[in-house]
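I would like to see how this sequence folds:
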Amino acid sequence: MYIGDYLGRRTIYSPDALAVVDTGKTPELRLSFAQLNERANRLANALRAAGVDKGDRVAMLALDGVEHLDLLCACGKLGAIHTALNWRLHWRELQQILADVTPTVLLYDDTFRESVAQLAEAETPVRHWIHLDGAGISGSRDFNALLADSSPDACFREDLRDEDIAAIVFTGGTTGLPKGAQISHRQIAWNCLNTVIHDLGRGDVYLNVFPMFHVGGLFVYTLPQVIMGGTTVLLKRFDPDQVLRLIQRERVTVFAAVPAMYQMLAQTPAWAEADLSSLRFCTSGGAPLPVPLVEQYTRDKGVRFKQGFGMTEFGPGLFALAPEDAIRKAGSIGRPNFYIDARIVGPDNRPLGPNETGELVLKGPSIASGYFNNAAAWGEVIDEDGWFHTGDLARYDEDWYFFIVDRLKDMFISGGENVYPAEIEAALYRHPAVFQCAVVGVPDPKWGEIGKAFVVLKPDQTASAEALLAHLGDRLARYKIPRHVEFLTALPISAAGKVLRRELRER
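Take a look at the predicted model:
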C-alpha cells in the first residue's frame, strides 16, 4: 500500500493548480503541484546520493517556508523521516536531540547559522549541512544549487507501508527534553480524513501561521491541503498586519490560530479596514477562545469560528466545535471527530459520567506510533486497554460536548481545594480591560498554594489589581480568586502561540 508520494499523486490529478504561495521569499514564490513535485524529486535524489535511505532521519532547523514541504515530501518518497527542530531551543539542547535521533543531514536557514556553526564544531551525527539561504557555514552546500544539480526524475520506495514513519514531531518539552512522537503514514491518512470531515474542501485556500516544526504547522491543514489539492499560503513568522493583508489579497478561505494570535489581530491598527469576507471559517485551538473575542469577530467581520483540540501524539484533528455552538457551548472543544473515541476517567481508570471532572483519554487510528527511542515514556501514557492518557482534566455535558478544565500539571491545590487556572482566566477575559492573562499556582505557607494572575491590559484601557480581583469576586468562589496580580507588557509566548506558564512560575 504505497501512500508516501503525496505530490506525485497530486501531480497526476491537478498538475497546474496552485499549491503553495511562499511569502517569505523575495520575490514571493508561487508553485504549482507539478513544480512542487519536481522540487521534491530533486531533493529526494540529492538525499539519496548523500546516503539517505528508508528509515533514516533528515533534520531541519528553519523558519516556515516551502522547504519544510520539500523535505517532508522528499522523505515520503524515500521512506526517510522528516525531523523538524524547534528553533527556540539552545544549540546545546539541539545537540542532545541530534544525538538521540541521529540524522546525517541537517537543512537550516540563515537565521540560525550561529547555532548551526556551534553544532558543526561540536560532536553530532550530522555529516551533510545544507543551507537554504545566505552564505552558510564552512563546508555547507547551497539548497537551491543542490536542487538544480539533481535529477527531477521520480524517486520513490515501492515497499513503503502505512506503518512506516513519515516524521518525528517533538512535544512541547515542558519538563526536560521534548519527546519525539513518531508520525506514520497511517496517522497522516487518518488525520486527513478527520480534517475533511471537519469541513476542509476542494478549492480551499489556507493561510498557515503555525511553526512547521509542530503538528499545527505541518498537519492541521497544510498536508491535508496537498492531499486535497488546495492552496497553502506560508509566511516565515506570525505578523498580524501581514496576516490581515494576505487573507484579503489571496482570498483565504480557511485560517487557523491560537487565541493569543486572534487577540493580536484584533488589536492591530489594520483591523478596522481589513476585508475578511473570503473566510469560510476560522479555527481556534490551544486554549479556550474568550467569548468576547468571538463576539468581536462576528460583530466586526462576520467571521464564523470553529474551535478544536489536538495534540502531537494524536494528530491535530481530535475535537471540533461547530460555529453555531461557539456561544451556546462557549469554552467547549466540541465533540470528538468521527474516528476518535474519547472518555473521561477517574484515578482508577473508571469511566466517569456527564459533568464529572477527570482525565481525558483517547483511542483511534490517528494515534502516533510511540516516542522515538523512548518506549518507557510511551508506556506511561498508554494503559493496558490501549487508551492514551492526555494529562488534561476535562468533562463532558449531557450533549457529549467536551470541556477542558485544565492541564493536570497546571491545576493547583489551595487549602485542600482543586483550583483550575483556565476557569479563572475565562472570568478575567470578561473584564473589558484585559487583553491577555495567565494564572499560576505559587507556594503559600498557610494554604499550600495560592493563585497569582499575570495580566496584560489593552492599550487603551486601565484597571487596577483591586478592580480585577473585585471583578473575579463577583463570579468565582473565594478560594479560587488569586491573591496577587502582576501587570506585564506581554506574556511569554511559545512558537506555537501558547503561554509559557513555566516561565511565569519561575518569576
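
Quick check, central residue of the chain?
residue 216 (2.8 Å; Cα atoms, centre = their mean).

what about that residue, distance to residue 187?
Distance, residue 216 to residue 187, by Cβ to Cβ, to the nearest Å: 15 Å. Yep, even glycine has a C-beta here, placed from its N, CA and C like the rest.

What of residue 478?
For residue 478 relative to residue 187 (Cβ to Cβ), the value is 46 Å.

more neighbours, the two?
residue 187 (27 against 7; other Cβ atoms under 10 Å).

same for the helix or strand hosting the more buried one, what does it pack against?
Residue 187 is located in helix 185-197, with elements delineated by DSSP states H and E. Applying 3 or more Cβ pairs under 8 Å, 6 or more residues apart in numbering; DSSP states H and E, we find helix 185-197 packed against strand 165-170, helix 222-228, strand 315-321.

swap the cut-off to 6 Å and go again
Applying 3 or more Cβ pairs under 6 Å, 6 or more residues apart in numbering; DSSP states H and E, one finds that helix 185-197 contacts helix 222-228, strand 315-321.

hang on, the earlier thing: what's the local residue count around the residue lying closest to the residue nearest to the centre of the chain once chain neighbours are set aside?
Once flanking residues are discounted, residue 216 sits nearest to residue 210: 3.5 Å by Cβ to Cβ, 6 or more residues apart in numbering. Residue 210 has 26 neighbours, counted by other Cβ under 10 Å.

my guess is residue 210 meets residue 219, correct?
No. The pair residue 210 and residue 219 fails to qualify as a contact (Cβ atoms under 6 Å) at a distance of 9.6 Å.

joint contacts of the two?
Residues touching both residue 210 and residue 219 (Cβ atoms under 6 Å, 6 or more residues apart in numbering): there are none.

so how far is the first residue of stretch 365-373 from its last?
Stretch 365-373 has an end-to-end distance of 21 Å (Cα to Cα, to the nearest Å).

Give me the buried positions along that stretch.
Burial within stretch 365-373, assessed by neighbour count using 16 or more other Cβ atoms under 10 Å, is assigned to 366, 367, 368, 369, 370, 371, 372.

same question, stretch 333-352
Neighbour-count burial for stretch 333-352 [16+ other Cβ under 10 Å]: 333, 334, 335, 336, 337, 339, 340, 342, 343, 344, 345, 352.

Switch these over to TSV; also include secondary structure, pLDDT and distance to residue 462.
Conversion of these to TSV gives the following (DSSP: H, G, I helix; E, B strand; the rest coil; pLDDT from 0 to 100; distance: Cβ to Cβ, whole Å):
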residue	secondary structure	pLDDT	distance to residue 462
333	strand	88	33
334	strand	91	36
335	strand	93	40
336	strand	93	43
337	coil	89	43
339	coil	89	49
340	coil	92	44
342	strand	96	43
343	strand	96	45
344	strand	97	41
345	strand	96	45
352	coil	97	43
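
Can you convert these into CSV and add a column each for distance to residue 286?
Shown next, in CSV, are the buried residues of stretch 333-352 (distance: Cβ to Cβ, whole Å):
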residue, distance to residue 286
333, 10
334, 14
335, 18
336, 18
337, 17
339, 22
340, 18
342, 18
343, 22
344, 20
345, 23
352, 25
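
Check those residues and tell me the two furthest apart.
Based on Cβ to Cβ, the longest span within the buried residues of stretch 333-352 runs between 339 and 352 and measures 22.7 Å.

Am I right that residue 485 sits in a strand?
Yes. Counting by DSSP: H, G, I helix; E, B strand; the rest coil, residue 485 is part of a strand.

Quickly list what it is bridged to.
Legend: beta-bridge partners of residue 485 under DSSP bridges are residue 453.

In terms of helices and strands, where is the closest residue to residue 122 other than its chain neighbours?
Setting aside the residues directly before and after it, residue 122 is nearest to residue 95 in space (Cβ to Cβ, 6+ apart), at 5.5 Å. According to DSSP H and E, residue 95 maps onto helix 91-101.

quick check, nearest of the buried residues of stretch 365-373 to residue 111?
residue 372 (25.6 Å).

Next, the contact list for that closest one, please.
168, 180, 182.

mind redoing it with 8 Å?
100, 101, 168, 179, 180, 181, 182 (Cβ atoms under 8 Å, 6 or more residues apart in numbering).
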